[in-house]
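Enquirer: Fold the following, please.
(one chain, ligands or ions: 1)
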Amino acid sequence: MTYSPPTLRDLARYWVSKGGVNLGVVGDTRHQVLGRSYHLGRSNLRTDAYSRQTTRDRAGLTDAASAIDLGRLNGSLGHLRTFSVWLVKQCQANRPGTSDIREVIYTDDGKRVLRWDRERGVKSAPRTGEADNSHLTHTHVSFYRDSEKRPKVGVFAPYFAPNELAAGDDDGAAVQATKIIGFAGRILGAVLPEEDNTEGLFSGSATNDEVLIVGGTAAGNPNGVTFTVASAVAWWKEVFAAGLNVTKVRPTLLPGSKVLTEAGLAKARALATSSTDFAPEDYNPLGLEVVA
Ligand SMILES: [Zn+2]
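Expert: Model prediction:
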């Protein structure tokens, strides 16, 4: 049976911690019927599957899945598109870690599906007409199968850490511009997502915190979780949606209240006094890394 390897589970957790929706690593039934996908491992693949033909895929073929599907980022397909365009530029620039990425299937405009394939050359342009329209609402990333045990978070991380921009290469400026635009968009999206803010529960006041640490930080706190604005908003959204009382949750797992408006605070307080639906002591709905 196909399994999800720890390195891809780590990547999925990281994506979620940054406000992304994880749509999965292991292929669903439809993928299994087709038997071709990087979402499948050896026992579910046809022998002629494109995802097991290259030298690197043959060398690393196990029952591990080797692809991830990324959904909306901070509740927005636009932010997912910005990230995806950035990721393909990173691949084309052969940035550290990207040599393990076989292909990226995505959209840059919400209308056409593009596919970049490292097998065509690292600098090759993405092409249309190679994948179905489900990729208008999610981005697919395949990794060469010989990278199963190599960490993958480092490929995504620069997007979420704008101060770590590498300078000096040919298209550094273009990459930087894409990233800064994406970063600004993410902050805006994280704090003022239209559909999430209709009740006025979340505040924009935390946007000036460049490192996006809003509370419950792991810095100097041996049992903490590092929250971003986006993950703090996502955390409170979970609590509000489920109507939970969080008073029993370990303080070091809480994101603090900086992302809440007065209305948001009032709602949190009301739940803390009236809800009998208690979140457990180790409540961690986003699966964020806990520094023990
Ligand atoms: Zn996929």
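Enquirer: ok, which residues in the stretch 101-250 of the chain are in contact with the ion?
Expert: Neighbours of the ion within the stretch 101-250 of the chain, by C-beta under 5 Å from the ion: His140. The way it works is simple: take the backbone N, C-alpha and C, and place the C-beta from them, glycine included.
Enquirer: where does the stretch 101-250 of the chain have low pLDDT?
Expert: 162-199, 204-223 (pLDDT under 70).
Enquirer: switch the cut-off to 80
Expert: Scanning the stretch 101-250 of the chain for pLDDT under 80 picks out the ranges 162-199, 202-231.
Enquirer: Let me see the ranges of the strands in it.
Expert: 101-107, 113-117, 127-128, 139-143 (DSSP state E, counting those that start in this stretch).
Enquirer: by contact count, what packs against the shortest one?
Expert: Packed against strand 127-128 by the contact rule (3 or more C-beta pairs under 8 Å, 6 or more residues apart in numbering; DSSP states H and E) you find strand 113-117.
Enquirer: and the strand it packs on, which strands flank it?
Expert: strand 101-107 (antiparallel), strand 127-128 (antiparallel) (DSSP bridges).
Enquirer: Which stretch among those is buried most, on average?
Expert: strand 101-107 (a mean of 24; mean count of other C-beta atoms under 10 Å).
Enquirer: Next, the residues that contact that strand from outside, please.
Expert: Identification of contacts with strand 101-107 by C-beta atoms under 8 Å, 6 or more residues apart in numbering yields 38, 51, 54, 57, 81, 84-85, 87-88, 91, 113-119, 126, 130-131, 135-136, 139-144, 155.
Enquirer: same thing with stretch 121-135?
Expert: By C-beta under 8 Å, 6+ apart, stretch 121-135 touches 88, 91-92, 94, 99, 104-107, 112-118, 140.
Enquirer: repeat that for 7 Å
Expert: When contacts are defined by C-beta atoms under 7 Å, 6 or more residues apart in numbering, stretch 121-135 is touched by residues Val88, Gln92, Asn94, Ile105, Tyr106, Thr107, Arg112, Val113, Leu114, Arg115, Trp116, Asp117.
Enquirer: before we move on, the earlier item: dump the strands of the stretch 101-250 of the chain to TSV, plus distance to His31.
Expert: Formatted as TSV, these follow (distance: least, C-beta to C-beta, whole Å):
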stretch	distance to His31
strand 101-107	13
strand 113-117	17
strand 127-128	22
strand 139-143	11
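Enquirer: Out of those, which gets nearest to Val25?
Expert: strand 139-143 (10.3 Å; C-beta to C-beta).
Enquirer: Pull the closest one out as PDB, backbone CA atoms only.
Expert: Extracted in PDB, the C-alpha atoms of strand 139-143 (Å, rounded to 0.1, in the frame of the first residue of the first chain):
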ATOM      1  CA  THR A 139      -1.300  23.100  -7.100                       C
ATOM      2  CA  HIS A 140       0.400  19.800  -7.600                       C
ATOM      3  CA  VAL A 141       4.100  19.300  -6.800                       C
ATOM      4  CA  SER A 142       5.900  16.100  -7.600                       C
ATOM      5  CA  PHE A 143       9.300  15.100  -6.100                       C
END
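Enquirer: change the start of the numbering to 40 and stick with it
Expert: Renumbered: residue one is now 40, and that last one reads strand 178-182.
Enquirer: Within the sheet, what are the partner strands of that strand, with directions?
Expert: Sheet pairing for strand 178-182, using DSSP bridges, gives strand 106-112 (antiparallel), strand 140-146 (antiparallel).
Enquirer: and for it, what are the contacting residues?
Expert: Contacts for strand 178-182 (C-beta under 7 Å, 6+ apart): 77, 90, 105-109, 119, 123, 139-145, 191.
Enquirer: how many neighbours does the closest residue to the ion within the chain have?
Expert: Closest residue of the chain to the ion, C-beta to the ion: His179 (3.4 Å). Neighbour count of His179, defined by other C-beta atoms under 10 Å: 22.
Enquirer: Pick out the most distant pair among the contacts of stretch 160-174.
Expert: Pairwise distances across those peak at 24.9 Å for Asn133 and Arg151 (criterion: C-beta to C-beta).
Enquirer: check which helix or strand covers Trp125.
Expert: helix 116-131 (DSSP states H and E).
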